[in-house]
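Colleague: predicted model and sequence follow; I will ask about them next.
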Amino acid sequence: MRAHNRRNRWKAGLDIVVEGRAEQVTDEALLRALAAMWEAKYEGDWQYDVRDGAFHHEPGVAHVFEVRPSKVLSFAKGEFAQTRFRFGC
């Protein structure tokens, strides 16, 4: 895929919808691993301390949720197309 197709524009890119049950992540080892990944990905702009089962940062608390997908829909733009994936059926 070319770089210009990765952007979300009117006639380019891909829209994705994930359906499933959202559950709060409170495992502090997992939260620390996620915090480290976000810090690396965003070059230090997102820095979180982990305590009490949540992310803590200057403005307040951020609760983390995971979604285990039951269905994923994707919609291509430009050469229009759509796809549906079901999990656990």
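Modeller: Looks like it arrived, so ask away.

Colleague: going by C-alpha atoms from here, please, whenever you check contacts or count neighbours.
Modeller: OK.

Colleague: ok, which stretches of the protein are strands?
Modeller: 14-25, 49-51, 54-57, 60-62, 64-76, 81-86 (DSSP state E).

Colleague: could you list the buried residues of the longest one?
Modeller: Read it as strand 64-76. Pro69, Phe75, Ala76 (16 or more other CA atoms under 10 Å).

Colleague: quick one, which of the strands of the chain gets closest to Ala33.
Modeller: strand 49-51 (9.9 Å; CA to CA).

Colleague: any buried residues in that closest one, and which?
Modeller: By neighbour count with 16+ other CA under 10 Å, strand 49-51 contains the buried residues Val50.

Colleague: distance from the chain centre to it, please.
Modeller: 20 Å (CA atoms, centre = their mean, to the nearest Å).

Colleague: begin at 823 from here
Modeller: Will do, 823 is the new start, and the previous item becomes strand 871-873.

Colleague: just checking, what packs against that strand?
Modeller: Under the contact criterion of 3 or more CA pairs under 8 Å, 6 or more residues apart in numbering; DSSP states H and E, strand 871-873 touches helix 850-863, strand 876-879.

Colleague: tell me which of the buried residues of strand 886-898 is nearest to Phe907?
Modeller: Nearest to Phe907 among the buried residues of strand 886-898: Pro891, at 9.4 Å, using CA to CA.

Colleague: would you agree the closest one is in contact with Val840?
Modeller: Yes. At 6.1 Å, Pro891 counts as touching Val840 under the criterion of CA atoms under 8 Å.
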